[in-house]
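Novice: Okay, sequence plus prediction incoming.
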Amino acid sequence: MRKFYEAYDNDEKVAPLVRQLPWTHNLIILNQSKRPEEREFYLLLAIQEKWSKRELERQFKAALFERSVLNPVKVSPLVTQSHSDVLNVFRDAYMLEFLELPEQHTEADLHGGLLRKLMAFFFPEAYSQIDWNRGYEFLDGELQQVTLEAETGKRIADKLVKVYLRNGAEQWIVAHIEIQNQKEEEFGERVFVYYARLRDKFKREVASFAVLGDTDVNWRPNSFTRETLGFHVQASFPIAKLVDYKKRQEELAASDNPFAVVVQAHLAAQATKGKESQQRRRKQKFALMTMMYERGYSRQEVIDLFRFIEWVMILPPELEQAFKNDLATYEEEKNMPYISNLERESREAGKAELVIKQLSRRGQLSKEILAKIEALPIDRLEKLGEDLLDFTDSKDLADWLQQHGD
């Protein structure tokens, strides 16, 4: 109790959050967080996402704070400004950024690149019937109108997209991307409800696709059927079961679609659960990484796939360090320091984030000041982190940057 009191007493921002969570959640956050910012991070997410005790423990084990704040995934400013929670959405849905997008891409480009690669890999027949050159339009507002009324189950990453078929017809697609290690008994009903409500509201044809990452080979919710007093309704839709790819390893190895690596990492993570399998997971993780170099993947593709693999193939600290040491040696031999440079850049970005957060508590920072801080190398960021404790006003910061910024 004393530790609890010392942590939250006089913290007007965090104290109200504590009262919104069960005592067990608060104990987990208090005991496992290493800094105040981390406590606040997990408090907010636990409330927002309605995490169970088990899910909260899983997120700590997965080092979500370190990956999101200290070593953040880089997403375009346009996306983060309009959707502040985009990193969590992308991570939870296993969505990646290696989508061949222009440097100044829009959010529609981001999701569209993902959709095209996913459809090409999992549903090639449907992909070939879509005229991608005519463009596509995301209709999340229309989908939201439907999902608010259709409370039939938990939605993970549903997207509604308007595309054009090669025969010239306009077609809307409801893409259900559900990559979870659990079943949802009402999944087929949810797909049917989406279809019925969308068709009723907008008088359009709808096609649904689902990617399922559970381990039950017998659970294949690809239809919905109801019959009452002679009235019969039936809907069927294509699904992709990641577990089926266990028997298609050669196909995965030969594919140049990044989703092949996504599936390989997903299957490897499922096959190496438990302490006794951690060494095998480390070897498979290293093999997946080196395979990308051998295939000639671009630096950005390697980095984005690495982030995904890191997320699903978590290792104990000592094995993780051994893996990174092996990878650093391999990169040095190949003269391709993609991840080594990424680690350095991530440390700098994380340090800058913490310094900016501390300074922002003393007053709003201008864009010019923010740009100067973000441009500082790691050694000067560390010095700024120490010196800012003695700052009394904004002039101290400006003088410091003038002296140390060049």
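Specialist: Right, received. Where do you want to start?
Novice: Give me the number of neighbouring residues for G363.
Specialist: 9 (other CB atoms under 10 Å). The C-beta positions use only the backbone N, C-alpha and C, and glycine is treated the same way.
Novice: can I assume it is in contact with S394?
Specialist: Yes - proximity of G363 to S394 meets the contact threshold set by CB atoms under 8 Å, at 6.0 Å.
Novice: dump the residue contacts of R282.
Specialist: The neighbourhood of R282, defined by CB atoms under 8 Å, 6 or more residues apart in numbering, consists of L315, L319, A322, F323.
Novice: Which members of these are positioned in helices?
Specialist: L319, A322, F323 (DSSP state H).
Novice: out of these, which is most surrounded?
Specialist: Most crowded among those, counting by other CB under 10 Å, is F323 at 19 neighbours.
Novice: Is it correct that that one is in contact with K285?
Specialist: Yes - judged on CB under 8 Å, F323 makes contact with K285 at a distance of 5.9 Å.
Novice: which regions of the stretch 1-150 of the chain lie under the pLDDT threshold?
Specialist: 1-13, 49, 62, 66-114, 140-150 (pLDDT under 70).
Novice: That one: strands as residue ranges?
Specialist: Along the stretch 1-150 of the chain, the segments classed as strands by DSSP state E, counting those that start in this stretch run 136-138.
Novice: burial of K283, as a residue count?
Specialist: For K283, using other CB under 10 Å, the count is 14.
Novice: With W400 instead?
Specialist: 18.
Novice: what about it, helix or strand, and which?
Specialist: Here W400 sits within helix 394-404, counting by DSSP states H and E.
Novice: can you list contacts of that helix?
Specialist: Under CB under 8 Å, 6+ apart, the answer for helix 394-404 is 359, 362-363, 369, 372-373, 376, 380, 383-384, 387-388, 390-391.
Novice: repeat for stretch 251-267
Specialist: Outside stretch 251-267, the residues touching it (CB under 8 Å, 6+ apart) are 94, 96, 98, 117-118, 120-122, 179, 213, 242-243, 245-246, 249, 288, 291-292, 295, 301, 304-305, 308-309, 312-313.
Novice: can you check stretch 313-331 too?
Specialist: 61-63, 265, 268-269, 272, 278-279, 281-282, 284-286, 288-290, 293, 337-340, 343.
Novice: 10 Å - rerun?
Specialist: Stretch 313-331 has contacts (CB atoms under 10 Å, 6 or more residues apart in numbering) with 58, 61-63, 265-266, 268-269, 272, 275, 278-279, 281-286, 288-290, 293, 302, 306, 310, 336-341, 343.
Novice: Pull out the buried positions in it.
Specialist: Of the residues in stretch 313-331, M313, I314, L315, E320, F323, K324, D326, L327, E331 count as buried by neighbour count, 16 or more other CB atoms under 10 Å.
Novice: what's the answer for stretch 266-283, then?
Specialist: Buried residues in stretch 266-283 (16+ other CB under 10 Å): H266, L267, A268, A269, Q270, T272, Q278, R281, R282.
Novice: Next, check the residues you listed against the helices and list the overlap.
Specialist: Per DSSP H, the subset of the buried residues of stretch 266-283 in helices is H266, L267, A268, A269, Q270, Q278, R281, R282.
Novice: Which stretches in the stretch 301-406 of the chain count as strands?
Specialist: So, for the stretch 301-406 of the chain - with DSSP E, counting those that start in this stretch - there are no strands.
Novice: Point out where it drops to low pLDDT.
Specialist: For the stretch 301-406 of the chain, the ranges with pLDDT under 70 are 340-353, 362, 378, 405-406.
Novice: what ranges do the helices span in it?
Specialist: 317-334, 338-360, 367-374, 378-387, 394-404 (DSSP state H, counting those that start in this stretch).
Novice: Mind putting the contacts of R282 into CSV with distance to A235?
Specialist: Output for those, formatted as CSV (distance: CB to CB, whole Å):
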residue, distance to A235
L315, 42
L319, 46
A322, 50
F323, 45
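Novice: Max pairwise distance over these: which two?
Specialist: Greatest spatial distance in the contacts of R282: L315 and A322, 8.4 Å, computed using CB to CB.
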